[in-house]
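Student: Quick one: sequence plus predicted model below, questions after.
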Amino acid sequence: MIHSKKSLDALAVIAHPEVRQFTFEGTTRSSKTVTAIEAFFWRAYWSAENLFAVASFDMDTLRDNILEANGFGILQRFRGYCSGLKKEKIGGYFFEIDCGTRGRKKVRLCPYGNKAKWKKVLGGTIGGFLIDEANLADRTFILECYARQTSCDHPFIIYTLNGDVPTASIYEEINPSRILGECPASTRAEMLKCAPMPGRYYMHFTMRDNPAMTDEKISAAYSIYPPGSFYYKTKILGERGVQGRATYIDYIDEAGLLKKLDVEKFHSFTVSMDVGATRARNSITLIGYSYDYRTAAVLDKETFAQCGYSEKTERLMQAIRRWKGLGAKNIECTVIDSAEQNYIADLRSTFAALGLPPVIGSYKATIKERIDLVCLLMSQGKLLFNDTEEGRAALSAFKEATWEEGKFGEVRKDENEPWNDILDSIEYGLTRHMKKLLTSAKEVLYGTDPRP
């Protein structure tokens, strides 16, 4: 790894045992997470404690951001020291750090998006934490991490995050930190409202602090989100920002997203369904994907009033057969809201007997993850909508989406309006291939896409 001056400065500071908390905040692709991984490893290596934890939203993000990280993850970067993953009899996964004559340190993996899982992991005294995307973690989890360290002589917590809304709860811990080096004026103003607490430090990282980011790559990254939008400010500038009332409107270029689309031109498909309850409506969506997942498209949808399970099942089967007749031959699966486990179980046997696409539960992505995915795809023109009545209605649902009053950037309003059901249905389908879509989108963001 090639270090920048800022990353070396951060490593030098964190090496001091009296550093209780260190925050890496800033832009995407700024090398902050890679630096945080190295800092965590050496603090754990030299610590007198024996138990540590690395945390991210779920096991996928732990693997992608911390363990592997395109060759810069802790298991690959320090493979001469780290064991492979192991499984506790009661608890979760962990790996060990071989410290030579000083013994072995255990590092638990902590997926903080699942309360039942992190409660099993956070047992005993934990000398140090690396918490990735800390702004996504529940406040209770963060407070519990501090509680696990009360008996340690030199505990530490390392945070990484992009900018978020200034009211995000994680800033209650971050703002009382001593700022090292430069940071945006707006961030500095927020933090200076608090007196620094002993042992807490903060550094702001930008793409310029990553030796791998050339001027061309940085220029490409700056073109992804509309200037002035929330994601431009937080992910590209790395600043804290306030969301407007409308959730997606900054990212919708109707002329670029609404196209006349031929179903047969797409390589594969998902059918996804949001099952309505009480005032809600049922919504079924056909999504098509290009062979390389550079593009996803809302090709058609059907939304109808609440009805019994037998009727909605019949409507679902009719829609699938109709779409197959229009050219959607390779429908990989039928994705149903994962909360509907009984309905999913019933459908699986019925669909298998009739030779219809296999039924699966939706990936349990958070609303924020789903919003992040859609905004990135829209900004790059990778999420298209068929220029038909149903396609235009689907795009209109994204235009209507708003944040809950007083929780801008945190909670999307949901009062069982029809647009909620349409969005849920579309997002269930998209998150089926979330990783592939994000990988394709990030090839542009990171400047590694060789294709025109």
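Tutor: Cool, got the structure. Numbering: from 1, shown residues only.
Student: Please tell me how far residue 40 sits from residue 130.
Tutor: In this view, residue 40 and residue 130 are 4 Å apart by CB to CB, to the nearest Å. For every residue, glycine as well, the C-beta is placed using N, CA and C.
Student: So between those two, which is more surrounded?
Tutor: Using other CB atoms under 10 Å, the more surrounded residue of residue 40 and residue 130 is residue 130, with 30 against 26.
Student: Sketch out the strands for the stretch 201-350 of the chain, chain order is fine.
Tutor: With strands called from DSSP state E, counting those that start in this stretch, the stretch 201-350 of the chain shows them at 258-259, 268-274, 282-289, 296-304, 331-336.
Student: Given the first one, what are its sheet partners and their directions?
Tutor: Spelled out, that is strand 258-259. strand 383-386 (parallel) (DSSP bridges).
Student: mind exporting the strand it pairs with as CSV, just the C-alpha atoms?
Tutor: The C-alpha coordinates for strand 383-386 follow below in CSV (Å, rounded to 0.1, in the frame of the first residue of the first chain):
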residue,chain,number,x,y,z
LEU,A,383,-31.9,2.7,-13.9
LEU,A,384,-34.3,3.2,-16.8
PHE,A,385,-38.1,3.3,-17.0
ASN,A,386,-40.2,2.1,-20.0
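Student: From the chain's centroid, how far away is that strand?
Tutor: 22 Å (CA atoms, centre = their mean, to the nearest Å).
Student: Reformat the strands of the stretch 201-350 of the chain into a markdown table and put mean pLDDT, distance to residue 186 and mean neighbour count next to each item.
Tutor: Shown next, in a markdown table, are the strands of the stretch 201-350 of the chain (pLDDT from 0 to 100; distance: least, CB to CB, whole Å; neighbours: other CB atoms under 10 Å):
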| stretch | mean pLDDT | distance to residue 186 | mean neighbour count |
| --- | --- | --- | --- |
| strand 258-259 | 96 | 35 | 16 |
| strand 268-274 | 96 | 38 | 25 |
| strand 282-289 | 96 | 38 | 26 |
| strand 296-304 | 96 | 34 | 23 |
| strand 331-336 | 96 | 40 | 21 |
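Student: if we can go back for a sec, spit out the residues that contact residue 40 and residue 130 alike.
Tutor: 54, 158 (CB atoms under 8 Å, 6 or more residues apart in numbering).
Student: From residue 297, how far out is the residue nearest to residue 267 when sequence neighbours are not counted?
Tutor: Distances taken as CB to CB, 6 or more residues apart in numbering place residue 291 nearest to residue 267, at 3.9 Å, with adjacent residues excluded. Going from residue 291 to residue 297 by CB to CB gives 13 Å.
Student: go on, residue 149?
Tutor: 49 Å.
Student: for the biggest helix by length in the chain, packing partners?
Tutor: Ordering each helix of the chain by length in residues (DSSP state H) puts helix 309-325 first. Judged by 3 or more CB pairs under 8 Å, 6 or more residues apart in numbering; DSSP states H and E, helix 309-325 is in contact with strand 268-274, strand 282-289, strand 296-304, strand 331-336, helix 341-354.
Student: could you redo the last one with a cut-off of 7 Å?
Tutor: The contact analysis (3 or more CB pairs under 7 Å, 6 or more residues apart in numbering; DSSP states H and E) places helix 309-325 against strand 282-289, strand 296-304.
Student: now the angle from the longest one to strand 282-289?
Tutor: Pointing back at strand 296-304 there. 160 degrees (axes from the mean of the first three to the mean of the last three CA atoms, to 10 degrees).
Student: what's the spacing between the residue nearest to the spatial centre of the chain and residue 154?
Tutor: With distances taken as CA atoms, centre = their mean, residue 369 lies nearest the centre of the chain, 4.5 Å away. Using CB to CB, we find residue 369 at a distance of 35 Å from residue 154.
Student: Now do the strands in the stretch 1-150 of the chain.
Tutor: Counting by DSSP E, counting those that start in this stretch, the strands of the stretch 1-150 of the chain are 21-26, 51-56, 86-87, 93-98, 104-111, 128-131.
Student: Verify the contact between residue 391 and residue 298 for me.
Tutor: Yes. Contact status for residue 391 versus residue 298: in contact at 6.0 Å, counting by CB atoms under 7 Å.
Student: shared neighbours, the two?
Tutor: residue 385 (CB atoms under 7 Å, 6 or more residues apart in numbering).
Student: And the residue of the chain positioned farthest from its centre, what's its pLDDT?
Tutor: Most distant residue from the mean C-alpha position of the chain: residue 101, 39.3 Å away (CA atoms, centre = their mean). In this model, residue 101 is scored at 88, pLDDT.
Student: ok, now residue 37?
Tutor: 97.
Student: re the thing from before, now do the buried residues in the longest helix of the chain.
Tutor: Using 16 or more other CB atoms under 10 Å as the test for burial, helix 309-325 gives 312, 313, 315, 316, 317, 319, 320, 323, 324.
Student: Please, which helix or strand holds the closest residue to residue 190 other than its chain neighbours?
Tutor: Distances taken as CB to CB, 6+ apart place residue 166 nearest to residue 190, at 5.6 Å, with adjacent residues excluded. Taking DSSP states H and E as the definition, one finds residue 166 inside no helix or strand.
Student: was I right about residue 166 contacting residue 240?
Tutor: Yes. Shown here, residue 166 and residue 240 form a contact pair, counting by CB under 7 Å, at 4.9 Å.
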